[in-house]
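In: Take a look and give me a structure for this.
(chains A and B, ligands or ions: 2)
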Amino acid sequence: MTPGLVLLLRMAWRNIWRNPVRSSVVFVSMGLGVWAGLFLMGWASGINDARVQDAIDDYLAHGHVHVAGYTADGTNLRALLPNAFAAVAQLEARPDVRGVTPRLQVPAMVQAALGSSGLLLQGVDPQREAQLFTIPHRLPDGAFLTDTAREFNGVVVGQALAKRLDLRVGDPVVFTYQDTAATVHSTLYTVEGLYDGTSNLTEEAVAYVRLDKLATELGVPEAAHDLAFRVDPSAARQKESLEAVCAQIQEDFPEFRVKSWRKTAPEMGYVDEIMAQALLLFMGIMLLAMAFGILNTMLMAILERQRELGMLMAVGLTRQRVFALVVLETVLLTGIGLPFGLLLGHATLVFTNRTGISLEAFADGLAEFGISPVIYPQVVTHWYLPVVALVFVLSLLASLMPARKAVSLNPIESMRAL
Amino acid sequence: MSLITLSHLRKVYTETASDVVAVDSVDLTLEAGEFAALVGPSGCGKTTLLNLIGGLDRPTAGSVVVSGTDLSTLSDADLVRFRLEHIGFVFQAYNLIPVLTALENTVFILELQGVPAAERNRRGMELLEAVGLADKAHHRPAQLSGGQQQRVAVARALASKPAFVLADEPTANLDSKSASTLLDIMADLNRTEGTLFLFSTHDPRVVDRARRTFHLEDGRVLREERKA
Ligand SMILES: Nc1ncnc2c1ncn2[C@@H]1O[C@H](COP(=O)(O)OP(=O)(O)OP(=O)(O)O)[C@@H](O)[C@H]1O
Ligand SMILES: [Mg+2]
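Out: Ligands and ions are numbered 1, 2, ... in the order given. As a prediction, the model looks like this:
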């Protein structure tokens, strides 16, 4: 450490308190800025986590097993897992797996009295599907493929689709699709239930029938396109631990492809990152505005202390030390508000994360975007360091101009000045 | 070899209307341990001359040689370091750093030079004792009178045992009693520390105290007096 650094630090620190009111304005605005920024990040992260969690519960699951060449739109009918039930049993035997459901997927045309529509017809095991997902439990009307009267030709459609095609429980509806041999089937089903898929998009895109029925239709007994599975919640929480579990499962099924939801629905994860970056940018802009305030405060301080700075340079304070003095003072001035902002932000996030923030008033509008009505802001500790770095860099930038101003002072003239 | 040698020293300020010759062909030498004064009416060039000797300003012509070093050969950065290492300064006012205590102000230069805390505080207290302010060591300048502040400034100027101390009208803002006390202290320290003092003044009460006096007018040394 160069001699004098401690002295410069002491002077910088005490200089801050020469004008307590002016400095307090800086601390308070910095603290509030950091607090607001952190809360906003935690809030956005909470919205996104809720969105991801909802998607996982609705249809995404934690991971999937497919064969190579599988596509989620069901267009590659031959991408079948041959011994699906054996694979289900093997997956289920793993301690880290909390449920598996096999599915057959085929693109289909639905025809009803009022019109027709294209969608993905999904053959599922009703009990297993209900263990993994919330949709089988969210039926405003009817049952989820468990009605014995309609055991083999029941279909559950989304309520948005039902509304558009004016379908009610008990109505007949024809689904047209090809089997693996390219034979076209037009099969009559009966609407057994209407599901609430949160977003209209989902509700119009997927309809559910029984797995055994669809397997017979397509001529592929004991097969499935997709094994959706959930893992232990503790493993699912972290990206890394989920990927690790998926990698272990992959070792059990070398002939298949095991992927986490981040791989099968990458857009879900991107939104998270894009949002975080946008927020950091937003916070950067906010702090930049603050940096100009700090710059102004420091320039005023330098102008007020011209004589003193002139004297310091006259008795032997080098330009580097004068520069360092102003930089240190600016960084300290900025830095004091930072821990308070961090602490306040952290406390707010921890508290609201526990209590949640209800958006019931706007629930209907939010549902359209797949956002649930109670937001639990996340304690975004991984953003604390970038925020600290941002504040630090901006305060350094804000100090450059005042520091250059101080260095450019001429000792004789500064001391003569009145 | 003399401690300070000025030869044909000249400083001209170029103004739009006309050039101002602030210092005009000054030749003088000062030896270690002297107690000397620059005397003359306002505007005669005292401050300018002290600034040239102290390396705060550069001459238009002529040279300033201090302990064998020609100041014109030093870069601006070297000059700052030279001042820090070799010269003590006492200005008319605003000598002290308001946020530092009397003791911290006194040892300011020692701390910049990297002198260990125990050593510099011992030296600082010794000097505050000498200027009669040991009991005010932990007061800030704002809590001291003008005369006390100037005494701290003298202590600060001497702390690093510089080759000489330059004091530009150190008593100008002081009442006669404080001025007299300050001069006593400077004279004492000149004797005990053996440091050359060169101060400027136009105060006749102060002029008598110098053992060597340079009378300036229009930037020239008109005459020189020596006391036995
Ligand atoms: N930066 C400058 N620019 C132009 N002229 C200057 C400058 N500094 C000093 N002068 C002029 O040089 C002359 C000498 O000034 P100086 O300050 O050295 O006088 P002084 O003897 O210290 O006066 P005082 O007793 O009032 O302090 C004056 O005429 C002054 O106006
Ligand atoms: Mg003067």
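In: Could you use CA atoms for every contact and neighbour count after this?
Out: OK.
In: And for the residue of the stretch 301-418 of chain A found nearest ligand 1, the neighbour number?
Out: Residue of the stretch 301-418 of chain A nearest ligand 1, by Cα to the nearest ligand atom: A:Glu413 (7.0 Å). Using other Cα atoms under 10 Å in any protein chain shown, A:Glu413 has 12 neighbouring residues.
In: Can you name the residues that contact it?
Out: A:Gly310 (Cα atoms under 8 Å, 6 or more residues apart in numbering or on different chains).
In: how much space between it and A:Leu91?
Out: Going from A:Glu413 to A:Leu91 by Cα to Cα, to the nearest Å gives 83 Å.
In: ends of stretch A:217-230, how far apart?
Out: End-to-end distance (Cα to Cα), stretch A:217-230: 28 Å.
In: Work out for me the element the residue of the stretch 301-418 of chain A closest to ligand 1 sits within.
Out: Assigned by DSSP states H and E, A:Glu413 belongs to helix A:411-416.
In: Give me the buried positions along that helix.
Out: A:Pro411, A:Ile412, A:Ser414, A:Met415 (16 or more other Cα atoms under 10 Å in any protein chain shown).
In: In contact with residue 158, which residues?
Out: Let's take chain A. Going by Cα under 8 Å, 6+ apart, A:Gly158 touches A:Leu194, A:Tyr195, A:Asp196, A:Gly197, A:Thr202, A:Glu203, A:Glu204, A:Val206, A:Ala207.
In: um, chain B though
Out: With Cα under 8 Å, 6+ apart, B:Leu158 has these contacts: B:Gly88, B:Leu127, B:Val165.
In: Mind doing that once more with 7 Å?
Out: B:Gly88 (Cα atoms under 7 Å, 6 or more residues apart in numbering or on different chains).
In: Got phi/psi on it?
Out: Note on B:Leu158: its backbone torsions stand at phi -90, psi -10 [degrees, to the nearest 10].
In: pLDDT at A:Ala314, what is it?
Out: A:Ala314 is assigned 94 on the pLDDT scale.
In: I'd assumed A:His185 was in contact with A:Gln176.
Out: I think there's a mix-up here, since residue A:176 is Thr and not Gln. Yes: counting by Cα atoms under 7 Å, A:His185 is a contact partner of A:Thr176 at 5.5 Å.
In: which strands and helices sit next to the helix or strand hosting A:Ala278?
Out: Using DSSP H and E, A:Ala278 sits in helix A:266-304. Secondary-structure packing of helix A:266-304 (3 or more Cα pairs under 7 Å, 6 or more residues apart in numbering or on different chains; DSSP states H and E): helix A:20-55, helix A:384-407.
In: try it again with 10 Å
Out: The helices and strands touching helix A:266-304, judged by 3 or more Cα pairs under 10 Å, 6 or more residues apart in numbering or on different chains; DSSP states H and E, are helix A:5-16, helix A:20-55, helix A:261-264, helix A:306-315, helix A:319-355, helix A:384-407.
In: Output the set of residues of chain A in proximity to chain B.
Out: A:2-8, A:10-18, A:307-321, A:410-412, A:415 (Cα under 10 Å from any Cα of the partner chain).
In: can you do 8 Å?
Out: Taking Cα under 8 Å from any Cα of the partner chain, the part of chain A that reaches chain B is made up of A:2-4, A:7, A:11, A:14-15, A:18, A:307-308, A:311, A:313-319, A:411-412.
In: pLDDT of the longest strand along chain A, averaged?
Out: Identified as the longest strand of chain A according to DSSP state E is strand A:97-112. Averaging pLDDT along strand A:97-112 yields 93.
In: what comes into contact with whichever helix or strand comes after it?
Out: Later in the chain than strand A:97-112, the nearest helix or strand by DSSP H and E is strand A:115-124. With contact meaning Cα under 8 Å, 6+ apart, strand A:115-124 is reached by A:73-74, A:101-111, A:165, A:204-215.
In: Off-centre distance for strand A:115-124?
Out: 29 Å (Cα atoms, centre = their mean, to the nearest Å).
In: Using PDB, list the CA coordinates for that strand.
Out: Extracted C-alpha coordinates of strand A:115-124, given in PDB (Å, rounded to 0.1, in the frame of the first residue of the first chain):
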ATOM      1  CA  GLY A 115     -66.500 -25.800 -37.200                       C
ATOM      2  CA  SER A 116     -63.100 -27.500 -37.000                       C
ATOM      3  CA  SER A 117     -59.700 -26.900 -35.600                       C
ATOM      4  CA  GLY A 118     -56.200 -28.300 -35.600                       C
ATOM      5  CA  LEU A 119     -54.700 -29.500 -32.400                       C
ATOM      6  CA  LEU A 120     -52.400 -32.000 -30.700                       C
ATOM      7  CA  LEU A 121     -54.300 -35.100 -29.500                       C
ATOM      8  CA  GLN A 122     -52.600 -36.500 -26.500                       C
ATOM      9  CA  GLY A 123     -53.200 -40.100 -25.300                       C
ATOM     10  CA  VAL A 124     -52.600 -40.300 -21.600                       C
END
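In: how many degrees apart are that strand and strand A:97-112 in direction?
Out: 160 degrees (axes from the mean of the first three to the mean of the last three Cα atoms, to 10 degrees).
In: Where does pLDDT dip in the chain?
Out: This is for chain A. Within chain A, the ranges that satisfy pLDDT under 70 run A:1-2, A:361-372, A:417-418.
In: um, chain B though
Out: Using pLDDT under 70, chain B drops low at B:228.
In: Go again with 80.
Out: Low-confidence segments of chain B (pLDDT under 80): B:1, B:205, B:228.
In: Report the helix of it that spans the greatest number of residues.
Out: helix B:176-193 (DSSP state H).
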